[in-house]
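Enquirer: next one to model:
(4 chains)
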Number of protein chains: 2
Amino acid sequence: MQHEWAVLEPTTLTERVYDVLRARIIEGDWGSGNFLREKEISGKLGVSRTPVREALARLAADGFLERIPHRGFKIPHNSANDLLDLYPILAALEVLAAAEGFKEMGKERLDALRSINESYRAAYALQDPKEGVRLNNQFHNLLTVDCTNPKLSQMILSLQAEVFRLECWALVNIHCWDVSIREHEELLNAIESSDYNEALKILEKNRSMTVHDFSNFTEKETD
Amino acid sequence: MQHEWAVLEPTTLTERVYDVLRARIIEGDWGSGNFLREKEISGKLGVSRTPVREALARLAADGFLERIPHRGFKIPHNSANDLLDLYPILAALEVLAAAEGFKEMGKERLDALRSINESYRAAYALQDPKEGVRLNNQFHNLLTVDCTNPKLSQMILSLQAEVFRLECWALVNIHCWDVSIREHEELLNAIESSDYNEALKILEKNRSMTVHDFSNFTEKETD
DNA sequence: GGTGAGTATATTGCATTCAATGTTCAATGT
DNA sequence: ACATTGAACATTGAATGCAATATACTCACC
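Expert: Numbering: from 1, shown residues only, chains lettered A, B, ... in the order given. This next block holds a predicted model:
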C-alpha cells in the first residue's frame, strides 16, 4: 500500500493571526476592557493591519472580543453573569450532543475520561486552580467530541472555549471541585452501566453546579 | 418625562453591506453552491472590495456562507440534513429561552401569537408555502423574543434566520402544516392555563415535527 | 477653579495597489 | 484521441495610503 498523503489545507495569514490571538485571549493575556490595537499587533507579528483586522473581526463574531465601531476591539468585560448565561446553554447542548454518543462509548474512552478526572482530583489536592479549570474543560470536551451533528459540535466547541476563558479569569470562584469530581465519576459509572437517562441528568447538573455563590462577585475594572 | 432618545449607533459601510447581503441570502437570491464574487458585489453596491470582504467574512462566521481559502465565499449546499441538524438545537434552545418567558406572558402577546397563527392557517388554506414559512418563523421568533439571556437570545436569532433560509429553499417539503398550526394553538392554550411543562413539551415537539419524510430528499446541484 | 470651544493626535474605516493563488484553455508530445 | 504542460486570465489575499471619526489636550472665557 502507498503512503497516506496528508492533504495540504490551503491557509492564509488571517487564519494564523486568528489562532495566535485566540489562544492569547483565552489564556487571559489581556485584561478585560483593554483594547487590542491593530497597529500594535500587526507590528509585533510583522504583518500588515489587514489580516489582523480580519482576525479581530472573526474573534468578535465568535464572542471573544467586543467590537465598538470606530473605537476598536476590546476584551469583553468579564462578569459572573456571562458565565451564568453560558452554563445553561452549554448544559442543554452538551446533553443533546452526548445523548447519542453515550451509547457507543467504548472502554478506552471511559478510561481516558477517568484518567482526566483523576488528574482533576490531583489538581484539586494541589490547589492548582488553572490546571483544574483546564482539566474540567478537557473532560467535557472529550465527552462531547464525537458528536455527529457538525453544527452542534462546532457550537459546543466555541462555547467551551468561551467558558474556559471566563473560568480562567474567575479562578478563585470555581470552588466545590470535590462535588464536580464526584459528579464526573457518577456520570462515567452511569454510562458504564448503560443508565443513559441518569447520565444525562448528572451531566446537566454538573454543568450548572458552579453557578452558586457567584452572586456577590463583581468585576475589577481595568479601563 | 422627557422624550426617549434613541442612541445613534455609529455605523459603518461594512455593517450596511452585511445587512443587505444577509437579507438577500436569506431570501434565496443566490442558488446554493454559487460563489459570491467580491468584485461584482462591490461594483453593484458602489463601494470598494474591503467592506464587502468584511461583510462576507462575517456572514461566513454566522453560517450563512461557506468560505474556501483562495477561492471565495459560496452559498452552502442546502440539504435536508442541515435542517435536521438545526432543529434539535433550536428546539433545545427555544425551550430554554421560553422556560422563563412563558410565566410572564401577558394577554396582548398571546393575542399577537394567535393572530400570527391565524395568518399561518390562512396561508395554509391558500397553499402559500413561502408565506407559511415566514409566519411560522415569526411565531417562534415572538415566542422567544423576551429572553433575558442575551447570549442565548443572540444564538436563537441567528439559528432561526438560518432555518428560515433553508425552509424557504425546501418549501415543498414543509408539509404537515395542519399539525404545526394545531400544536401552536395547544401551546398557547397551555401557556394561558399556566401549564408550563406541557407548553415546553409541545414546543420541543413542534420544532422537531417537520423532520419526518425528509429522508429521501436530495439536492439539485447548481454549480 | 471649572467649563467649553478648538486643535492636535491617535486609531479605525475604506480605497487602491500589488502579490499570490487557483482556474481555464490552447499547444505540445505521446 | 488523450494526457500533460504552461501560459493567460480571474479572483482572492495582503500591504499601503488616505479619509473619517473619536479622544486628549490646550487655552481662552466665565
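Enquirer: below-threshold pLDDT in chain A: ranges please.
Expert: Along chain A, the model assigns pLDDT under 70 to residues A:1-3, A:171-175, A:209-223.
Enquirer: what's the domain layout of it?
Expert: A:13-74, A:80-209 (automatic domain parsing).
Enquirer: in CSV, list these along with distance to B:Gln154 and mean neighbour count.
Expert: Every C-beta, even on glycine, is put in place using the N, C-alpha and C of the backbone. Below are the domains of chain A laid out as CSV (distance: least, C-beta to C-beta, whole Å; neighbours: other C-beta atoms under 10 Å in any protein chain shown):
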stretch, distance to B:Gln154, mean neighbour count
domain A:13-74, 9, 16
domain A:80-209, 10, 17
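Enquirer: redo those as CSV? Include distance to B:Val163.
Expert: Shown next, in CSV, are these (distance: least, C-beta to C-beta, whole Å):
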stretch, distance to B:Val163
domain A:13-74, 19
domain A:80-209, 11
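Enquirer: just so I know, which of those domains lies nearest chain B?
Expert: Among the domains of chain A, domain A:13-74 comes nearest to chain B, with 3.8 Å by C-beta to the nearest C-beta.
Enquirer: end-to-end on the closest one?
Expert: Terminal residues of domain A:13-74 are spaced 21 Å apart (C-alpha to C-alpha, to the nearest Å).
Enquirer: next one: stretch A:53-68
Expert: End-to-end span of stretch A:53-68 (C-alpha to C-alpha): 13 Å.
Enquirer: tell me the residues of chain A that contact DNA strand D?
Expert: Contacts of chain A with DNA strand D, taken as C-beta under 7 Å from any atom of the strand, map to A:Thr12, A:Leu13, A:Thr14, A:Val47, A:Ser48, A:Arg49, A:Thr50, A:Pro51, A:Glu54, A:His70, A:Arg71.
Enquirer: filter those by proximity to DNA strand C?
Expert: Among those, DNA strand C is touched by A:Arg49, A:Thr50, A:His70, A:Arg71 when using C-beta under 7 Å from any atom of the strand.
Enquirer: and the two most separated of the residues you listed?
Expert: Using C-beta to C-beta, the two most remote members of these are A:Thr50 and A:Arg71, lying 19.0 Å apart.
Enquirer: which one's the longest helix in chain A?
Expert: As assigned by DSSP state H, the longest helix anywhere in chain A is helix A:80-101.
Enquirer: can I get it as PDB, trimmed to CA atoms?
Expert: What follows is helix A:80-101, C-alpha atoms only, in PDB (Å, rounded to 0.1, in the frame of the first residue of the first chain):
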ATOM      1  CA  ALA A  80     -20.000  36.200  36.600                       C
ATOM      2  CA  ASN A  81     -23.200  36.900  34.700                       C
ATOM      3  CA  ASP A  82     -21.700  35.900  31.400                       C
ATOM      4  CA  LEU A  83     -20.800  32.500  33.000                       C
ATOM      5  CA  LEU A  84     -24.300  32.200  34.400                       C
ATOM      6  CA  ASP A  85     -25.700  32.900  30.900                       C
ATOM      7  CA  LEU A  86     -23.400  30.400  29.300                       C
ATOM      8  CA  TYR A  87     -23.800  27.400  31.600                       C
ATOM      9  CA  PRO A  88     -27.400  26.600  30.900                       C
ATOM     10  CA  ILE A  89     -26.800  26.900  27.200                       C
ATOM     11  CA  LEU A  90     -23.800  24.600  27.300                       C
ATOM     12  CA  ALA A  91     -25.700  22.200  29.600                       C
ATOM     13  CA  ALA A  92     -28.500  21.900  27.100                       C
ATOM     14  CA  LEU A  93     -26.300  21.500  24.100                       C
ATOM     15  CA  GLU A  94     -23.900  19.000  25.800                       C
ATOM     16  CA  VAL A  95     -26.800  16.900  26.900                       C
ATOM     17  CA  LEU A  96     -28.100  17.000  23.300                       C
ATOM     18  CA  ALA A  97     -24.700  16.000  21.900                       C
ATOM     19  CA  ALA A  98     -24.000  13.400  24.500                       C
ATOM     20  CA  ALA A  99     -27.400  11.700  24.200                       C
ATOM     21  CA  GLU A 100     -26.300   9.700  21.200                       C
ATOM     22  CA  GLY A 101     -22.600   9.400  22.000                       C
END
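Enquirer: hmm, that helix in reach of chain B?
Expert: Yes. Interface with chain B: helix A:80-101 contributes A:Asp82, A:Asp85, A:Leu86, A:Pro88, A:Ile89, A:Ala92, A:Leu93, A:Val95, A:Leu96 (C-beta under 8 Å from any C-beta of the partner chain).
Enquirer: for whichever helix or strand comes after that helix, packing partners?
Expert: Next helix or strand after helix A:80-101 toward the C-terminus (DSSP states H and E): helix A:107-125. The contact analysis (3 or more C-beta pairs under 8 Å, 6 or more residues apart in numbering or on different chains; DSSP states H and E) places helix A:107-125 against helix A:129-143, helix A:177-192.
Enquirer: other residues contacting the shortest one?
Expert: Where contact means C-beta atoms under 8 Å, 6 or more residues apart in numbering or on different chains, the residues beyond helix A:129-143 that reach it are A:94, A:98, A:101, A:109, A:112-113, A:116-117, A:119-120, A:123-124, A:157, A:160, A:163-164, A:167-168, A:171-172, A:174, A:177, A:180, A:184, A:203, A:207.
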